[in-house]
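In: Got a predicted structure plus its sequence, pasted below:
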Amino acid sequence: MIKRRLPTFFQAVCIGISLIVVLVLIAVFLGLILFSSPETLVVCLFSEEIWYAIRLSVITAVISTLLCLIIAVPVAYSMVRFKFFGKQWVNVLLNLPLSLPPLVAGVALLIFLSPATSPAGQFLSSMGIYVVYTSAAIVIAQVFVNAPYMVRIARSTFSMISPRYEHVARTLGCSEVGAFRKITLPMAKNGLIGGLVITWSKAMGEFGAVLMLAGAISMKTETLPIALFLNMSTGDLDMAIAAALILLIISGTALILFEYFGKEHGDVYA
Amino acid sequence: MLEIDSLSIQLGEFSFTDLNLKVNDGEYCIILGPTGAGKTILLETIAGIHYPKNGRILLNGKDITQTPPEKRGIGMVYQDYMLFPHMTVAENIGFGLKERGVSKKEWHAAVRDIAKTFGISHLLERYPKTLSGGEQQRTAIARSLLLRPSVLLLDEPLSALDTITRERLRDELKAIHKETGMTILHITHHFEDIYALANRVVVMREGTIVQEGTPDMIMHHPVSDFIANFTGMENIFTGDAVVTQSGIVEIHIGTTIIRTVTELTGRVHAGIRPEDMIISTEPFTSSAQNSFFGVVTEIIDSGVYSKIVVEAGIILTAVLTRQSIQRLGITFGSMVWLTFKATSVHVFSE
């Protein structure tokens, strides 16, 4: 029989800290989950306001996630496969929103799109388009903050696929676009789906940039995080927690799905 | 004829300038060279993956330098197969034909035919990741051959395979070449490939061609130490491979017998690298299957290492350090034992 060795002091300390962190996380989330009675929660979940927030969040997040995909695929692909002038700078600028506080992104967007402060806003309003403080603003804010994440994930996905697959496809009669569409894209499918799930979940929870650009207008630009914020500020804890719980479930599920697709991906093409 | 006319290319750190090469129709041209010599880039440029800075590529007199890869009719096979993981073996093999838009019936017939030739008919519905290395490479070769390319480019197609599979697939490549008369350019690190397959050998180093010629010329008359060291094979014999009752393969070279592991029988070449020989002054007992006793007829000193030539029924060359020569007291006329493993004998067909 193999005798199990006791962990060394160093190992014990590291593992101990990890366990404590996990316990704290569980305690914190349990506190949130158990705060309201189930009956109150059900009532809140089916209230008109939460229902509106869910619908608005889902719709805006789906639209913004699809826009992120449309932006991220060509950008990530060109960053991985092509050489072009200024590529390094594109890279830096693309990563900037990742470290930028969303509030700052929101303010910048507000100034850029508002007719009172910028030519772009004036142009839009001359066309009869007003985005600030509308649901379109929610989508724009989400895209602005999340597209760089989607680019990152798409980029790491594409970089894991050897360009030689495309080379072979080309020698077999595929055009450049054909090789991308028939070989690279299907091979990147799982990675991209994983990215979509995470991006969508982040869009559902986007607060800072949305608050700045779309405002916190009850039953108008009230997404789930905005509902959480509004109800907290008016002291309606149960409603706030209902919104928080939905967001918690969404992030948890998204994480599991992301891990699932990530694993599949690595397994097949590594 | 494939003509490469003063080709220059610049790819990141790598470049080659003014490269010239002519490969005749139906030739089997082996490209040798160390890692970083530019062999793969050369093949990829011929395939149309990279566009050269200067120079031209001509195929049967037609300038294809600016032709996109899909219009060149040149096939490419890589060492790591590059089978499309989201497609079955059949879909992989038939990929090119589907691109050409043939009818379903024609497509099925063609895929079935070539799969039969390659002995992979039973794998058609499987996905590449469930196949062995040999099966994957057969699929990859079948995939590029189905389009009947005028030139086939093989980038170390046998390197990732085990010895026996490599031998078999090498024979298949040889048969394909014989049947189709296709022009083939094949990158390899294995000298057996040269003897078994090549009509012509091109040796590359740091983006230039340092020697080209027949396999015999390259192996026996290398123009530089670099090439001699690179090909590195001194003990090459021709004999008859016979399977003994115990299952061991013996190669009879005149009255001398060398034991080895191979699936080949009949007339074969056998090669042993000089550095795979163990030299001793006493009989050397080990699991090694081959041991020869003979007289030292030559000692060639080249720096740290020396080569000794031993007449032991066949003439064997071994490499050892100068220090070992002194320690063993080997001089001209010494009697020594040379021992090597059965697996150190590289066998290839004529």
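Out: Thanks, I have it. In this text the structure is predicted, and so the values were computed from the model without any measurement.

In: switch to C-alpha atoms for all contacts and neighbour counts from now on
Out: OK.

In: So B:Thr139 sits against B:Glu91, correct?
Out: No. Between B:Thr139 and B:Glu91 there is no contact under C-alpha atoms under 8 Å: 10.3 Å.

In: near chain A, which residues of chain B show up?
Out: Counting by C-alpha under 8 Å from any C-alpha of the partner chain, the residues of chain B lying close to chain A are B:47, B:49, B:69-77, B:82-86, B:95-96, B:99-100, B:129, B:144, B:147.

In: Show the backbone phi and psi for the residue in the stretch 51-200 of chain A that chain B sits nearest to.
Out: Relative to chain B, the nearest point of the stretch 51-200 of chain A is A:Gly173 (4.0 Å; C-alpha to the nearest C-alpha). Main-chain dihedrals, A:Gly173, degrees, to the nearest 10: phi 110, psi 10.

In: Check it and give its pLDDT.
Out: At A:Gly173, the pLDDT value in this model is 95.

In: now A:Lys263
Out: Residue-level confidence at A:Lys263 comes out at 66, pLDDT.

In: Check A:Ser251 too.
Out: Predicted confidence (pLDDT) for A:Ser251: 87.

In: so where do the helices sit in the stretch 1-150 of chain B?
Out: For the stretch 1-150 of chain B, the helices defined by DSSP state H, counting those that start in this stretch occupy B:39-47, B:89-93, B:95-99, B:104-117, B:133-145.

In: re earlier: drop anything exposed from the residues of chain B next to chain A.
Out: Neighbour-count burial within these applies to B:47, B:49, B:69-77, B:82-86, B:95-96, B:129, B:144, B:147; the criterion is 16 or more other C-alpha atoms under 10 Å in any protein chain shown.

In: so what's the residue in the stretch 51-200 of chain B positioned nearest to chain A up against?
Out: Closest residue of the stretch 51-200 of chain B to chain A, C-alpha to the nearest C-alpha: B:Glu70 (4.0 Å). Counting by C-alpha atoms under 8 Å, 6 or more residues apart in numbering or on different chains, B:Glu70 touches A:170-175.

In: try 6 Å
Out: Counting by C-alpha atoms under 6 Å, 6 or more residues apart in numbering or on different chains, B:Glu70 makes contact with A:170-171, A:173-174.

In: mind giving me JSON lines with those and columns for neighbour count?
Out: JSON lines is the format used below for these (neighbours: other C-alpha atoms under 10 Å in any protein chain shown):
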{"residue": "A:Arg170", "neighbour count": "28"}
{"residue": "A:Thr171", "neighbour count": "27"}
{"residue": "A:Gly173", "neighbour count": "25"}
{"residue": "A:Cys174", "neighbour count": "25"}
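
In: Show me which pair in those residues is furthest apart.
Out: A:Thr171 and A:Cys174 (7.1 Å; C-alpha to C-alpha).

In: From A:Ser251, how far off is the nearest residue to B:Thr65 once chain neighbours are set aside?
Out: Leaving aside its sequence neighbours, B:Thr65 sits nearest to B:Ile57 (C-alpha to C-alpha, 6 or more residues apart in numbering or on different chains; 5.0 Å). To A:Ser251, B:Ile57 is 56 Å away according to C-alpha to C-alpha, to the nearest Å.

In: Can you tell me the element B:Val268 falls in?
Out: strand B:266-272 (DSSP states H and E).

In: Cool, thanks, signing off.
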